[in-house]
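Student: From the sequence below, what's the structure:
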Amino acid sequence: MNEQEKKLEKQNLITTCNYLNKKIEEMETSIFQDAEKIKEFRRYAWENKGGMDKQELNAVRTDNEQDAILLLRERDYFKKLLKIKDTPYFASIVVENEQRKKQKIYIGMTYLKDENLDNLIYDWRAPICSIFYDYETGPCSYEAPMGIIKTHLHQKRQYKIESQKLLRIIDSDLNIDDDILQEVLASESSDKMKNIVTTIQQEQNNVIRNTKDKHLIVQGIAGSGKTSVALHRIAFLLYKIKNLTADKVLIFSPNQIFTEYIANVLPELGEENTLQTTFHDYLNKIIKEYKSVESYIDFLNRHYQGKESNIELLKYKQSNQVIKDMEDFVSYLEKNIQFKNDITENKLYFYSKEELNELFHQRYSSVPFFERLDQMATKFSENNYRGSKKRKATYHKLLLEALQFKKDYKQILEMFYRSSFFKGNIIESDILKLRNNKQIAYDDALLLVYLKGQMEGFYYEKYIEQVVIDEAQDYSYLQYLILAKIFKKSSFTILGDTNQNINPFYNYETLEELKKIFPGKYIELTKTYRSSEEIIAYANQILNLHHICAIRKNTEKPVIFRNNKETLKTDIQHLKETYKSLAIITKNEEAAKKLYEELKKNYQLSYLDIHSEDFIKDFVILPSYLAKGLEFDSVIIYQDQENHFTKEEQKLYYVAVTRAQHELYIYE
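Tutor: As a prediction, the model looks like this:
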């Protein structure tokens, strides 16, 4: 780059920063004044409401609300400008405009316009900015509101700017090993996940900006940035889709630790955090027959700590076959349960059992079993009491009594387990646990929720427009059927890796199977940005994988194997001195607790279990199935005689190995 070009770039940064500083100053004053105006306006409306007619009062309220909405928007934009103050932009592209003239576009976390409403900075989510992520120099195109725009990319440039000072300029191509990316990959991990706006790669961008497909299913290998892509996709959709707000987007996380880990990304991107939940939260919300529901991690613990004896039964309960068997069972009930008695209400209104059976099995046959009773009760009340529903509850009670079939889901699930429809080898003690325990087992909870949905209709979330599911491989097909019913109008983004499936009772050949429930696009992410070449080479051997390639440059630090516990303290000391974060990963919770008790006498470290909500990454110990989605500079995988990974647990072992970024030690 010649001196003249350098000078122009430096001058552009000075001009942009001066305008940005001025804009921030002006907005600070105007926001304060507007807030005071709204307060005054509200005070005036309150003091004078007695002297206003209804129309005047409504006008004041409308103006007041509109002003408040505009003020909130201005405040949101002001916060975004504060975030980009030190680093206004990170890239630029030079493209041809409609007049075939070259136009330079600077790309940042949010937009900035000058007095003439010309863009000094474009938001990274603007349609034209997709060129930066998708193309090398040469012919290119992007999708604008008016259609596909074809143009020519003449230059692609990246900047390193800190405290409004230009430190570096790099003319870049689509080269995946570019300096900026390698610098980011080489940096130490932090306690919270960071945004990847400056280094989004083409395959990731295809997921982030996809708005054509209602549903998106993404298979991404360990370290391919699935979670980051999901969060940047949310930020993009909030920018792109009119009236979509953060409270209409729901993320399903594997656990609370993971939820806390990703909590900073959307705010860094200038967006509010969305609603977040776990599937376990929904089980608790829907199941009222028990005090609590066993967590997914405790369910896994039963197996990985050798406390589960009836493996074949659990495989059947998690299988696709049990779905059909339960549906057949419910269908049998619907066809064969009959009203055994007539009903009379208030000594006036009589319905014969023949009439009731005709309504139940013919007229209302298209709705779920117990919903039929509800609709019949509503109809009887409205017919007999001039459209009023005041006697609906009475009719509902009479119908249940005449049917002689209790709405007791514990009992109905037990009926299913005892029926010829159920193909599992269940023993009496398991049924007694189902009947008498205050907590329901995770495997039973899934079947109970599906049973309830089949018999009374599924709980429906009508306000959620976008659902994002991470670690998708850990959800069974039955869980997806339930979620599709609960969020029947929502769009789904589903991300996972079949190689990281930690559920020993259910496995996908490919996540593409989910297209049967969520017709949409299936995309694969095949590059890993997390681990060194040496770590990835070892991880590939575990599952005999050949297509996975590491983008992080060779570190010349081989995977170290140990068979003597005596070196553990030395290794811990070395890794703690060399890196910011160290994790010791064990097979299960039992092993993690045992080792933690030993190490806490000499070290300050965190212990993570299912109840942990936050942690400091400096030095942690955790079981393998809680490590999903997390990453650490260095990892020690610790196994002993009692708790070691078996051949059947290769995928769990693969999860543990792929948490390491720079160095990996394995105690066998």
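Student: Could you check the pLDDT of Leu630?
Tutor: Here the pLDDT value assigned to Leu630 is 89.
Student: surely it meets Asn255?
Tutor: No. Taking contacts as Cβ atoms under 8 Å, Leu630 lies outside contact range of Asn255: 10.3 Å. Every residue, glycine included, has its C-beta placed from N, CA and C.
Student: Mean pLDDT per helix and strand in the chain: which one sits at the bottom?
Tutor: For the chain, counting by mean pLDDT, DSSP states H and E, helix 179-186 ranks last in confidence among helices and strands (a mean of 60).
Student: Look up phi and psi at the residue lying closest to Glu312 once chain neighbours are set aside.
Tutor: Of all residues not flanking Glu312 in the chain, Asn425 sits nearest, at 6.6 Å (Cβ to Cβ, 6 or more residues apart in numbering). Backbone torsions for Asn425, taken as degrees, to the nearest 10, come to phi -90, psi 80.
Student: Asn425 - how many residues pack around it?
Tutor: Neighbour count for Asn425, taken as other Cβ atoms under 10 Å: 10.
Student: what's the distance between it and Tyr316?
Tutor: Taking Cβ to Cβ, to the nearest Å as the measure, Asn425 falls 8 Å from Tyr316.
Student: Over to Leu481?
Tutor: Separation of Leu481 from Tyr316 (Cβ to Cβ) stands at 17 Å.
Student: so where is the stretch 101-250 of the chain shaky, pLDDT-wise?
Tutor: Within the stretch 101-250 of the chain, the ranges that satisfy pLDDT under 70 run 173-191.
Student: Go again with 50.
Tutor: Low-confidence segments of the stretch 101-250 of the chain, defined by pLDDT under 50: 174-177.
Student: where do the strands sit along it?
Tutor: With strands called from DSSP state E, counting those that start in this stretch, the stretch 101-250 of the chain shows them at 102-108, 112-113, 119-123, 138-144, 147-162, 165-171, 216-220, 249-252.
Student: which helices and strands sit right next to the second one?
Tutor: I take that to be strand 112-113. Under the contact criterion of 3 or more Cβ pairs under 8 Å, 6 or more residues apart in numbering; DSSP states H and E, strand 112-113 touches helix 3-48, strand 119-123.
Student: buried sites along the shortest one?
Tutor: Applying a neighbour-count criterion of 16 or more other Cβ atoms under 10 Å, one finds Leu120, Ile121, Tyr122, Asp123 buried in strand 119-123.
Student: From what I see, the first one and Gly108 are in contact.
Tutor: No. Applying Cβ under 8 Å, one finds Leu120 not in contact with Gly108, separated by 9.1 Å.
Student: All the helices of the stretch 251-400 of the chain, in order from the start?
Tutor: For the stretch 251-400 of the chain, helices defined by DSSP state H, counting those that start in this stretch occupy the ranges 256-261, 265-268, 279-286, 296-304, 311-317, 321-336, 353-358, 369-384, 392-403.
Student: Reformat those helices as TSV; add mean pLDDT, mean neighbour count and distance to Glu613.
Tutor: TSV is the format used below for those (pLDDT from 0 to 100; neighbours: other Cβ atoms under 10 Å; distance: least, Cβ to Cβ, whole Å):
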stretch	mean pLDDT	mean neighbour count	distance to Glu613
helix 256-261	82	20	5
helix 265-268	88	18	17
helix 279-286	93	18	14
helix 296-304	87	20	14
helix 311-317	92	17	29
helix 321-336	96	16	34
helix 353-358	94	15	52
helix 369-384	93	18	38
helix 392-403	93	18	42
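Student: between these, which gets nearest to Ala246?
Tutor: Of all the helices of the stretch 251-400 of the chain, helix 265-268 sits nearest to Ala246, with 7.6 Å by Cβ to Cβ.
Student: tell me what that closest one is packed against?
Tutor: Applying 3+ Cβ pairs under 8 Å, 6+ apart, one finds that helix 265-268 contacts helix 226-240.
Student: Outside of the helix it packs on itself, which residues are in contact with it?
Tutor: With contact meaning Cβ atoms under 8 Å, 6 or more residues apart in numbering, helix 226-240 is reached by 123, 125, 193, 195-197, 200, 204, 207-211, 218, 220, 244-246, 249, 251, 262, 265-266, 269-271, 274, 466, 468, 470, 493, 495-497, 525, 629.
Student: Buried among those residues? Need that as a selection in ChimeraX.
Tutor: Of the contacts of helix 226-240, the buried ones can be selected in ChimeraX as follows, counting by 16+ other Cβ under 10 Å:
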select :123,125,193,195,196,197,200,204,207,208,209,210,218,220,249,251,262,265,266,269,270,271,274,466,468,470,493,495,496,497,525,629
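Student: Nearest to Ser612, out of the strands of the stretch 101-250 of the chain?
Tutor: Closest among those, using Cβ to Cβ: strand 249-252, at 18.6 Å.
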